[in-house]
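Here is a sequence together with a model predicted from it:
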Amino acid sequence: MHTLKFLFSFKPTNRNNIIGSEIENAIKQLNIKKSPDGLPSEFYQLYSKELIGILTQVFNEDNSDMNNYRHLTMMNLDYKIYAKVLMNRLSDVLDIIIVKEQTCAVKRRLIWDNICSLLIKKGL
(Lines give C-alpha, C1' and ligand atoms only; values in the text may rest on other atoms or scores of the structure.)
Protein backbone atom coordinates (compact mmCIF):
# COMPACT_ATOMS: atom_id res chain seq x y z
CA MET A 1 0.00 0.00 0.00
CA HIS A 2 2.85 2.38 0.83
CA THR A 3 4.33 1.84 -2.64
CA LEU A 4 1.07 2.69 -4.39
CA LYS A 5 0.68 5.90 -2.40
CA PHE A 6 4.21 6.89 -3.33
CA LEU A 7 3.70 6.12 -7.02
CA PHE A 8 0.57 8.25 -7.20
CA SER A 9 2.15 11.12 -5.26
CA PHE A 10 5.49 11.06 -7.13
CA LYS A 11 5.80 14.03 -9.45
CA PRO A 12 9.28 14.55 -10.85
CA THR A 13 9.99 18.14 -11.83
CA ASN A 14 10.66 17.30 -15.46
CA ARG A 15 8.22 14.42 -15.80
CA ASN A 16 7.06 15.38 -19.29
CA ASN A 17 10.12 17.03 -20.76
CA ILE A 18 13.36 15.25 -21.37
CA ILE A 19 16.30 17.63 -21.03
CA GLY A 20 19.60 17.69 -22.87
CA SER A 21 21.70 16.59 -19.90
CA GLU A 22 19.61 13.39 -19.60
CA ILE A 23 20.24 12.61 -23.27
CA GLU A 24 23.94 13.42 -22.93
CA ASN A 25 24.19 11.05 -19.95
CA ALA A 26 22.37 8.28 -21.86
CA ILE A 27 24.68 8.69 -24.87
CA LYS A 28 27.71 8.34 -22.60
CA GLN A 29 26.26 5.08 -21.24
CA LEU A 30 25.81 3.46 -24.67
CA ASN A 31 27.78 0.29 -25.34
CA ILE A 32 30.52 0.85 -27.88
CA LYS A 33 30.27 -1.08 -31.16
CA LYS A 34 26.72 -2.28 -30.52
CA SER A 35 24.42 -0.94 -33.20
CA PRO A 36 21.87 -2.87 -35.24
CA ASP A 37 21.04 0.05 -37.54
CA GLY A 38 24.51 0.81 -38.94
CA LEU A 39 24.98 4.03 -36.94
CA PRO A 40 27.38 3.02 -34.17
CA SER A 41 27.22 4.53 -30.72
CA GLU A 42 30.57 6.20 -31.44
CA PHE A 43 28.71 8.36 -33.99
CA TYR A 44 26.34 9.57 -31.28
CA GLN A 45 29.20 10.11 -28.85
CA LEU A 46 31.31 11.99 -31.41
CA TYR A 47 28.45 14.24 -32.54
CA SER A 48 26.55 14.42 -29.24
CA LYS A 49 26.60 18.22 -29.08
CA GLU A 50 24.90 18.44 -32.48
CA LEU A 51 22.47 15.57 -31.81
CA ILE A 52 21.32 16.46 -28.28
CA GLY A 53 19.14 19.35 -29.48
CA ILE A 54 17.58 17.26 -32.23
CA LEU A 55 16.91 14.29 -29.94
CA THR A 56 15.51 16.55 -27.21
CA GLN A 57 13.04 17.98 -29.70
CA VAL A 58 12.08 14.55 -31.06
CA PHE A 59 11.69 12.95 -27.61
CA ASN A 60 9.48 15.81 -26.39
CA GLU A 61 7.11 15.91 -29.36
CA ASP A 62 3.39 15.48 -28.73
CA ASN A 63 2.86 11.73 -28.47
CA SER A 64 -0.85 12.08 -29.22
CA ASP A 65 0.00 13.22 -32.78
CA MET A 66 0.52 10.19 -35.05
CA ASN A 67 2.83 12.25 -37.30
CA ASN A 68 5.40 12.21 -34.50
CA TYR A 69 5.80 8.43 -34.56
CA ARG A 70 8.73 6.90 -36.39
CA HIS A 71 9.36 3.37 -37.51
CA LEU A 72 11.65 1.50 -35.13
CA THR A 73 13.90 0.63 -38.05
CA MET A 74 14.71 4.31 -38.36
CA MET A 75 15.35 4.82 -34.65
CA ASN A 76 17.36 1.89 -33.31
CA LEU A 77 19.99 3.80 -31.31
CA ASP A 78 17.69 6.80 -30.88
CA TYR A 79 15.23 4.44 -29.22
CA LYS A 80 17.98 3.00 -27.00
CA ILE A 81 18.94 6.52 -25.89
CA TYR A 82 15.29 7.33 -25.12
CA ALA A 83 14.88 4.07 -23.20
CA LYS A 84 18.11 4.75 -21.28
CA VAL A 85 16.85 8.22 -20.25
CA LEU A 86 13.62 6.68 -18.94
CA MET A 87 15.52 3.87 -17.21
CA ASN A 88 17.83 6.40 -15.51
CA ARG A 89 14.81 8.35 -14.28
CA LEU A 90 13.22 5.21 -12.89
CA SER A 91 16.41 3.97 -11.25
CA ASP A 92 16.54 7.23 -9.26
CA VAL A 93 13.39 6.22 -7.37
CA LEU A 94 13.66 2.41 -7.25
CA ASP A 95 15.20 2.46 -3.77
CA ILE A 96 12.07 4.24 -2.54
CA ILE A 97 9.52 2.16 -4.44
CA ILE A 98 10.91 -1.35 -3.95
CA VAL A 99 10.95 -2.80 -0.44
CA LYS A 100 14.40 -3.34 1.08
CA GLU A 101 13.91 -7.12 1.17
CA GLN A 102 13.82 -7.20 -2.65
CA THR A 103 17.46 -7.56 -3.62
CA CYS A 104 17.49 -9.28 -7.00
CA ALA A 105 18.01 -6.96 -9.99
CA VAL A 106 18.14 -3.79 -7.89
CA LYS A 107 21.25 -1.64 -8.11
CA ARG A 108 23.41 -1.61 -4.96
CA ARG A 109 21.48 -4.60 -3.53
CA LEU A 110 22.73 -8.16 -3.49
CA ILE A 111 20.95 -11.46 -2.94
CA TRP A 112 23.83 -12.24 -0.60
CA ASP A 113 22.44 -9.58 1.79
CA ASN A 114 19.27 -11.64 2.27
CA ILE A 115 21.26 -14.83 2.79
CA CYS A 116 23.40 -13.14 5.45
CA SER A 117 20.29 -11.75 7.16
CA LEU A 118 18.76 -15.23 7.33
CA LEU A 119 21.97 -16.74 8.69
CA ILE A 120 22.20 -14.05 11.37
CA LYS A 121 18.54 -14.54 12.37
CA LYS A 122 19.08 -18.30 12.68
CA GLY A 123 22.26 -17.73 14.68
CA LEU A 124 24.51 -19.54 12.24
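Done, it's in. Keep in mind the model is a prediction, meaning the values are calculated, not measured. Numbering: from 1, shown residues only.

which residue is nearest the middle of the chain?
By Cα atoms, centre = their mean, the chain has its centre lying nearest to Met87, at 1.4 Å.

Tell me, how many residues neighbour Leu51?
Leu51 has 19 neighbours, counted by other Cβ atoms under 10 Å. The C-beta positions use only the backbone N, C-alpha and C, and glycine is treated the same way.

Surely it is in contact with Tyr44?
Yes. Because the distance of 6.1 Å satisfies Cβ atoms under 8 Å, Leu51 is recorded as touching Tyr44.

any shared contact partners between those two?
Ile27 (Cβ atoms under 8 Å, 6 or more residues apart in numbering).

OK, contacts around the residue nearest to the centre of the chain?
Contact criterion Cβ under 8 Å, 6+ apart gives no residues in contact with Met87.

quick one: which helix or strand includes it?
Using DSSP states H and E, Met87 sits in helix 76-91.

which SS state does the closest residue to Ser91 other than its chain neighbours fall under?
Excluding the flanking residues, the one nearest Ser91 by Cβ to Cβ, 6 or more residues apart in numbering is Lys107, at 6.2 Å. Under the three-state scheme (DSSP: H, G, I helix; E, B strand; the rest coil), Lys107 adopts coil.
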